[in-house]
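Trainee: pasting a predicted model and its sequence here:
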Amino acid sequence: MGTLPPNSKSVGEDAKLSQLQNDNDQLDAGALFVLKSKGSWLHCGYHLSTSIVAPPLLSLPFAFTFLGWAAGILCLVIGAMVTFYSYNLLSLVLEHHAQLGRRHLRFRDMANDILGPRWGRYFVGPIQFMVCYGAVIACTLLGGQCMKAIYLLSEPNGSMKLYEFVIIFGLLMLILAQIPSFHSLRHINLISLLLCLAYSACAAAASIYIGNSSKGPKKDYTVEGDSTSRLFGIFNAIAIIATTYGNGIIPEIQATIAPPVKGKMFKGLLVCYTVLIVTFFTVAISGYWAFGNQSEGLLLSNFVVDGRPLVPRWFILMTNIFTILQLSAVGVVYLQPTNEVLERTFGDPNSKEFAARNVIPRVVSRSLSVVISTTISAMLPFFGDINSVIGAFGFIPLDFILPVVFFNLTFKPSKKSGIFWLNVAIAVVFSAVGVIAAVAAVRQISLDAKTYKLFANV
C-alpha cells in the first residue's frame, strides 16, 4: 500500500511514531526499500536542493532572451514565491494526513486520497513518471554535452560524436542507479549542493569577465522576432523557468524524513531556497547581462566561440566537471520514483532488502531503466525543447496547480478567506499558462523539426 493506515484511537506522539514504524512491515517493497523514512530536516534540504537547484538553471539567461530584463526578473521572482508557497502547502497537507495516521509516501497516494483513485492512476501518476524520467533523460543528455565540450577544448577537430559522450555518462548513471534507497543519497546530495554553488559561481564569474572584456558579443537586449514569435517565446520561456523551479517529487522527499515530520519540511525548504536565490538570480542576471539576446540554451556554450575559449581553458574544464558531477546526482534523485515503481513490481517485502530475491531483480530492472533513458538521450539530443515540454506538461501541473488544489480540498478554508482565493487564482492562472506554454513548446518543436535527426551531433 502507499499510505500508512489510520490509528484506531488517539495516541501520543511517541505512540504514533511506534505505530508508524511497526506499520513498515505492511508496506510494499517500493516504499519499504526505496522510500525509507530515516532522514532529518537537513537531509531533506540536501534532497530538495539537488532536485531543484540543478544545471537547467544555466538556461535562465536563454529564457531572458524571450522576456527581456523586466519580465525576466519578474518571472524569476514570481516563480520563487509561488513554488516556495506551493511546496510549503503540499508539505502541510502531507503533515495533516500523517497526523491523522495516513502518511502519504508518494504523489499518487495523495491524489488517490484527495481526488480519487482515477486521478492518481491516470493523471498524477503518469505525469509524475513523465516528469521524472524526462528529467533523467535531460540530465543524461546535458552530461554528454558537457563531456563533449571538455573533449573539444583539447581536440577541436576531434571525431567523437555527442551520442558517444551520452553513452559514457549513461555508464556513470548505471553505476549510481544501484544505490539502494533515496535516504542513501543524503551524503551525495550534500556534495551536490556544494557543486551547484561552485558551478554557479564559476558561470557568473566567467560571464562578468567576458562582459567586461572585448571578447564577448555586443550587448543587445532586444527581444527579436515578429509579434507572434515574441508571444510564443514568452510562454516558451515561462515553461523553461517552470522546469528550472520544478520538483515533482515533494511527497517522495518528505517520505524520507523520520517521523514525526511536523515542521521539518519547512526547514528543508529554507535551506533549498537560500541556495536557490543565490544561484538562480546570480546566473540569470550575469549571463543575460554579458550575452544579451545571444545567450545560448546552455550558458556554458557562450564561453567558447568558434572553438576559441573566451576564458582560460582550465576554468571551462573545471566548470564543466562541477556540472557533470552534479548532473549525475540530479539524475539519480529523479530516478527514485522509477526505482520505487520497479521495486514495488519486482521486489518482495517479505524478503530482506539485500537478499538475492531482491538484489537480482533490482539490478536488472534499474539497469534496463538507465539503458532506455540513455538511448533516448542519444537519439534525441535537443535539450532546450525537452526542457520546455517537461515544464509545460509536467512541472506546471505538479508544482503550481495541484498543491493549491490539494490544500483547499484538505483544509477547506472559508470562501471568504484570502488564502482560498489566492489558491484559486494561482490554480486558474497557471492552468491557463500551462495550456499556452504546452502549445508554445509543441510549436517550437515543430519549428525545430527540420533540424532533428536521430543521434544528431549537436
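Mentor: Perfect, I can see it now.

Trainee: in the protein, which spans are strands?
Mentor: 304-305, 308-309 (DSSP state E).

Trainee: a markdown table for the ones you listed, including mean pLDDT?
Mentor: As requested, these are exported to a markdown table (pLDDT from 0 to 100):
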| stretch | mean pLDDT |
| --- | --- |
| strand 304-305 | 86 |
| strand 308-309 | 87 |
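
Trainee: among those strands, which comes closest to residue 277?
Mentor: Proximity to residue 277 (Cβ to Cβ) singles out strand 304-305 among these, at 28.7 Å. Backbone N, C-alpha and C define where each C-beta goes, glycine included.

Trainee: and that closest one, how far from the chain's centre?
Mentor: Strand 304-305 has its average C-alpha position 28 Å from the chain's average C-alpha position, going by Cα atoms, centre = their mean, to the nearest Å.

Trainee: elements contacting it?
Mentor: Strand 304-305 is packed against helix 125-154, with contacts defined by 3 or more Cβ pairs under 8 Å, 6 or more residues apart in numbering; DSSP states H and E.

Trainee: okay, buried residues for the helix it packs on please.
Mentor: Of the residues in helix 125-154, those scored as buried under the neighbour-count criterion (16 or more other Cβ atoms under 10 Å) are 125, 127-151, 153.

Trainee: what's the answer for stretch 355-368, then?
Mentor: Counting neighbours by 16+ other Cβ under 10 Å, one finds that the buried residues in stretch 355-368 are 358, 359, 361, 362, 365, 366.

Trainee: now do the contacts for residue 349.
Mentor: Residue 349 makes contacts with 25, 27, 28, 29, 32, 33, as judged by Cβ atoms under 8 Å, 6 or more residues apart in numbering.

Trainee: in helices only, show me these.
Mentor: Assigned to helices by DSSP state H, the following of those qualify: residue 29.

Trainee: out of the contacts of residue 349, who's the most crowded?
Mentor: residue 33 (24 neighbours; other Cβ atoms under 10 Å).

Trainee: so what pLDDT did that residue get?
Mentor: Taken from the predicted model, the pLDDT recorded for residue 33 is 85.

Trainee: contacting residues around the closest residue in space to residue 192 that isn't next to it in sequence?
Mentor: Closest residue in space to residue 192, ignoring its immediate chain neighbours: residue 329 at 3.8 Å, by Cβ to Cβ, 6 or more residues apart in numbering. For residue 329, the contact set (Cβ under 8 Å, 6+ apart) comprises 50, 176, 185, 188, 189, 191, 192, 195.

Trainee: got the contacts of residue 349 as TSV, with distance to residue 354 columns?
Mentor: Converted to TSV, these look like this (distance: Cβ to Cβ, whole Å):
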residue	distance to residue 354
25	17
27	17
28	18
29	13
32	13
33	9
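
Trainee: burial measure for the residue lying closest to residue 396 once chain neighbours are set aside, as a count.
Mentor: Residue nearest to residue 396 in three dimensions, not counting chain neighbours: residue 434, with 3.9 Å by Cβ to Cβ, 6+ apart. Other residues within reach of residue 434 by the criterion other Cβ under 10 Å amount to 23.

Trainee: is residue 434 in contact with residue 394, as I believe?
Mentor: No - with the criterion set as Cβ atoms under 8 Å, residue 434 and residue 394 do not qualify as a contacting pair; they are 9.5 Å apart.

Trainee: hey, C-alpha coordinates of stretch 347-363 in PDB?
Mentor: What follows is stretch 347-363, C-alpha atoms only, in PDB (Å, rounded to 0.1, in the frame of the first residue of the first chain):
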ATOM      1  CA  GLY A 347      10.600  -6.800  -5.100                       C
ATOM      2  CA  ASP A 348       9.500  -8.900  -2.200                       C
ATOM      3  CA  PRO A 349       8.800  -7.000   1.000                       C
ATOM      4  CA  ASN A 350       8.900 -10.300   3.000                       C
ATOM      5  CA  SER A 351      12.500 -10.900   2.000                       C
ATOM      6  CA  LYS A 352      15.500  -9.000   3.200                       C
ATOM      7  CA  GLU A 353      16.500  -5.900   1.200                       C
ATOM      8  CA  PHE A 354      19.800  -7.400   0.100                       C
ATOM      9  CA  ALA A 355      18.600 -10.900  -0.300                       C
ATOM     10  CA  ALA A 356      19.200 -12.400  -3.800                       C
ATOM     11  CA  ARG A 357      15.400 -12.400  -4.300                       C
ATOM     12  CA  ASN A 358      15.500  -8.600  -4.200                       C
ATOM     13  CA  VAL A 359      19.000  -7.700  -5.400                       C
ATOM     14  CA  ILE A 360      18.900  -9.500  -8.700                       C
ATOM     15  CA  PRO A 361      15.600  -8.000 -10.000                       C
ATOM     16  CA  ARG A 362      16.700  -4.600  -8.600                       C
ATOM     17  CA  VAL A 363      20.000  -4.600 -10.600                       C
END
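
Trainee: no more questions from me, cheers.
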